[in-house]
Each structure stands twice: as structure tokens, then as C-alpha cells.
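Enquirer: quick one: sequence and predicted model below, then my questions.
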Amino acid sequence: METSSPRRRRGYRGASVRQHGNGKSSSPRPRCGSGEFGVNLKPAEMFLKEMEFMVQKPYRVRYHSASYHLFYSVIATLQFVPECQRLQAVQAAVVILPDENREVLQTLLYFLSDIASAQENQMTADSLAVCLAPSILHLNSSKRDGTSPRMISRKGGAKPDHKDLSENMAATQCLSHMITECKKLFQQIPHEMMLQSRNSYVAADAQPLPLHGFGVNARGERVDYRAYLDDNVQCLIREAAEKSKGWHSAHGPETTELAYRKVGDGHPIRLWRVSVEMEAPPPVVLQRVLRERHLWDEDLLHSRVIESLENNTEVFHYITDSMAPHPRRDFVVLRRWCTDALRGVCILVSSSVDHDNVPLEAGLRAVLLTSRVLIEPCGMGRSRLTHYCRADLRGRSPDWYNKVFGHLCAAEVARIRASFPVLSAKGPETKI
């Protein structure tokens, strides 16, 4: 009796489907004849259904195949999808890219669009696509390293065959189209499409609570903001006492210690912890974090105290910039600090809050789920800062937070450290 092993089956080139975890596989996907560029593709209606399937299912393009997936998806769109539906089809292909790839693609396409539209420049979108398509879309990358069967079979450096030429032409048209339509491609993605995508963190939809009736404490009891902040301070003290219990180490920037752990409150975002030593005593470090953000955060655009509630408690508003064309992040946080918690230890706890006096004017309203800063004295005028942080910056998937966000937290703490002069025992010898 013959037994069949699980196999990967391909539809149009570049999109592969594996068997489901329950052992069942989807029905075979029919293939159509070659199109203008010599690639086996589907008719318009079948291609659109497949893109809808990929958006709605927990499907994620692998990082090393992101350009490959995008290239053949856009080729299929240009060839077989009616013009009135092309934008939606390309948007679906972009939505299921990993967040890192999609953000880099958006930045690059906007930059190339600015170049193509400049009056004093003669490089059109077509000219830019001819120069950059092989690199951006990784076209013929296997042929360049000699692993392609067609490359191996050639003798004496023969000229590219018809399929190579047709793929180059398709890549050029693909990139030129995306440069020309980049603003529609990213700015007009339907909200329904983002909600359907299970790769997006939109589904979790963390929202800040109003100042009065703020939330629940560690025991699940509803409390006001005072009890909530007191509970956060006690949680931070317990975290510091438990040290590395339940934490997993990760590689971070030099001089920092980075770790993470999962939190069982229903949110998929991890809690990150960063530790670093500072060349300043705890009260000075607290002042730097609390009131001198402009000295270490180069992305800070604006900051102000919205409301002083009581001693050492306030509602604080700040806005950070992002590289164009990505949106700004707007934060409204409730925070409390202590300068005499334990043996010279300083503490700062923060969490996002909904405040009537701070309407969102532009960008995205980010949500700071947890931010706890512990600053301990180390002797000789030095201190050790430990930051625990979870945040929903909006528009990114849990995968991005698991892989990237912790390193951003570590880089932020490293910038705080770099804002202090480094004390050194080295120097010219003196005679007394």
C-alpha cells in the first residue's frame, strides 16, 4: 500500500499552501496557462478569492520570501485583475507582509515617489523601476549565486532566455506601478480589510480607561486611579525582589540587560525588562526621565503636564515623531513617582488614560499598557535603572512586538544612560 507524505502544494507561483494542523489539506488549486510574462497564474476571480483567503486566515509571509510573494502577487494583479479591483488586490498582498517589510516598503516607495515627482529631476517612475526592481524584489537572486537550474545548464555565459527577460519586464512594471500608486496603496486600505486580517493587532484593540473608574488591581477588584497606582508601585517592588523568576534573557544593546516574559491577562504583547547602570544618583536619573525627556529622546515633538492631581501624580501628554511617511504617536499617561520608596530607591509608574482635555489632532493615539521604572543606588554616585514596559503603538502585529519592541525599549534606556557624562578614572597624572 502506498502512503503519501505531507507535501507543499503550489497555486500561482510564489504562494504556497501547507496542510492544516488537523492533517486536512485544502482542495487542489487549479492552474491556468501562462500569461504575458510566462508565469502560471489564475483568472481574476480565483486570484481575488485566494488573496481574501490569505488575509482572513492566520497567514504570514516568511521574511526571506516577502519580496518573492509581493512580486508575483502584483504581477497577477496587473495581468488578470480588472482595473477597478487592482488597488484592493495589491493592498491585500501588502497587508499580509510582515510589519517590518511593509513599513520599509512604504518608506522606500514614498521616497521614490518624491524623486519621480520632482520637477528638476529626470528620473521617472519607470526609470527608477528599471534601476531598482532587481534589488528590491530580489529578482533572479538564485541565478546570481548559480543555484538556478537554468543558470547551471548554461555554458559559456549565454544570454538570458525569454523567461528571464519577461520576468525582468514584469518586475519593472510592478515596481513602477507601486511607486506611482504608493499613496493610494497605503493611505486607503479599507478598515474592514485590517479587521479581517488576523495578522494585525487591531483585533485586540486595547483602549485606555477614563481617569475616574480607572481599572482593576492585581486581585481583579475595580479601583480608582489612586489605588491603581499604589498597586503598580507594589507590583514593581515585588518584581524587583523576585529578580529573574519567570524571565527569559534576550540579546540587547551593549551595557544593557534585556529580558521578557508573558503576561496572562489576555493581551498577546510581552512584558519587557531592561536594566542598565547610570553615572548619576537616583534622584538625578528620575529628574532626567521625568522632566528632561528632550535631552535623550530625539523623536520628541511636544510634551506638557495636562493636570496635576496631587503630590507626585499627574496626567502627562507627549508626542513622538516617526520617519516619514509613518504617523506620529500621541501618548496621554497617568503617572506617579516616589523618591523615598526603599533605601534611596526612586520609582516611576505610568499607564495610558483617557482625558477629555486632550483630543487627538494628528497621528495615532498609542496605548501604554504598563511602564514601571525602578532606580536603585549603586554607590559612588551611580545608580541602576530597570524599566518594565508594555505598549500598543498601533498598526503592528504581536510578532513585531515579540521581536522588535524590546530592542526599542533597550535603545531608549541606552539613550538615557548616554545623556549623562561618563565618569572615568583615566586622566593626566598630577603631583601634589
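Expert: Ah, there it is. Numbers count the residues shown, from 1 in each chain.

Enquirer: direction included, what does the host helix or strand of residue 351 pair against?
Expert: Under the criterion of DSSP states H and E, residue 351 resides in strand 346-354. Sheet pairing of strand 346-354 (DSSP bridges) gives strand 209-210 (parallel), strand 329-338 (antiparallel), strand 367-379 (antiparallel).

Enquirer: nearest to residue 124, of these?
Expert: Residue 124 lies closest to strand 329-338 among the strands paired with strand 346-354, at 34.6 Å (CB to CB). The C-beta positions use only the backbone N, C-alpha and C, and glycine is treated the same way.

Enquirer: before we move on, what SS does residue 123 have?
Expert: The three-state assignment at residue 123 reads coil, by DSSP: H, G, I helix; E, B strand; the rest coil.

Enquirer: pLDDT score for it?
Expert: Looking at residue 123, its pLDDT is 91.

Enquirer: just give me the neighbour total for it.
Expert: By the criterion of other CB atoms under 10 Å, residue 123 has 13 neighbours.

Enquirer: is the residue nearest to it when sequence neighbours are not counted in a helix, a strand, or coil?
Expert: Nearest residue to residue 123, sequence neighbours excluded (CB to CB, 6 or more residues apart in numbering): residue 115, at 5.9 Å. When classified by three-state DSSP, residue 115 comes out as helix.

Enquirer: want to throw the strands paired with strand 346-354 into a markdown table with distance to residue 278 and mean neighbour count?
Expert: Below are these laid out as a markdown table (distance: least, CB to CB, whole Å; neighbours: other CB atoms under 10 Å):
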| stretch | distance to residue 278 | mean neighbour count |
| --- | --- | --- |
| strand 209-210 | 33 | 14 |
| strand 329-338 | 16 | 21 |
| strand 367-379 | 8 | 20 |
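
Enquirer: make CSV out of those and add distance to residue 311 and mean pLDDT.
Expert: CSV is the format used below for the strands paired with strand 346-354 (distance: least, CB to CB, whole Å; pLDDT from 0 to 100):
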stretch, distance to residue 311, mean pLDDT
strand 209-210, 22, 76
strand 329-338, 9, 94
strand 367-379, 18, 93
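
Enquirer: so which of these gets nearest residue 237?
Expert: The nearest among the strands paired with strand 346-354, by CB to CB, is strand 367-379 at 8.1 Å.

Enquirer: now residue 306: which helix or strand?
Expert: Using DSSP H and E, residue 306 sits within strand 300-310.

Enquirer: scratch that, residue 252 is what I was asking about
Expert: Per DSSP H and E, there is no helix or strand for residue 252.

Enquirer: got the phi and psi for the closest residue to it other than its chain neighbours?
Expert: Of all residues not flanking residue 252 in the chain, residue 258 sits nearest, at 3.1 Å (CB to CB, 6+ apart). Backbone geometry at residue 258, expressed as degrees, to the nearest 10, gives phi -120, psi 140.

Enquirer: any idea how far residue 258 lies from residue 94?
Expert: 31 Å (CB to CB, to the nearest Å).

Enquirer: model confidence for residue 203, exactly?
Expert: 44.

Enquirer: just the pLDDT at residue 275, thanks.
Expert: For residue 275, the predicted pLDDT is 95.

Enquirer: show me what it bridges to in the sheet.
Expert: residue 257, residue 386.

Enquirer: tell me, how many residues neighbour it?
Expert: Neighbour tally, residue 275, other CB under 10 Å: 19.

Enquirer: does it really touch residue 386, like I thought?
Expert: Yes. Using CB atoms under 8 Å as the test, residue 275 is close enough to residue 386 to be in contact (4.5 Å).

Enquirer: please identify which of the strands paired with strand 346-354 is closest to residue 189.
Expert: strand 329-338 (18.9 Å).

Enquirer: other SSEs contacting the strand holding residue 306?
Expert: Secondary-structure packing of strand 300-310 (3 or more CB pairs under 8 Å, 6 or more residues apart in numbering; DSSP states H and E): strand 313-320.

Enquirer: tell me the strands beside the strand it packs on, with direction?
Expert: For strand 313-320, using DSSP bridges, the partner strands are strand 300-310 (antiparallel), strand 329-338 (antiparallel).

Enquirer: those: which one's closest to residue 292?
Expert: That would be strand 300-310 among the strands paired with strand 313-320, by CB to CB, at 10.2 Å.

Enquirer: send me the closest one as PDB with only the CA atoms.
Expert: Only the C-alpha atoms of strand 300-310 are listed here, as PDB (Å, rounded to 0.1, in the frame of the first residue of the first chain):
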ATOM      1  CA  LEU A 300      10.100  64.100  21.000                       C
ATOM      2  CA  LEU A 301       8.000  66.800  19.400                       C
ATOM      3  CA  HIS A 302       5.900  68.200  22.300                       C
ATOM      4  CA  SER A 303       5.300  67.500  25.900                       C
ATOM      5  CA  ARG A 304       3.200  69.100  28.700                       C
ATOM      6  CA  VAL A 305       1.500  68.400  32.000                       C
ATOM      7  CA  ILE A 306      -2.200  68.300  31.400                       C
ATOM      8  CA  GLU A 307      -3.400  68.100  35.000                       C
ATOM      9  CA  SER A 308      -1.600  67.900  38.400                       C
ATOM     10  CA  LEU A 309      -3.800  65.700  40.600                       C
ATOM     11  CA  GLU A 310      -1.900  65.700  43.800                       C
END
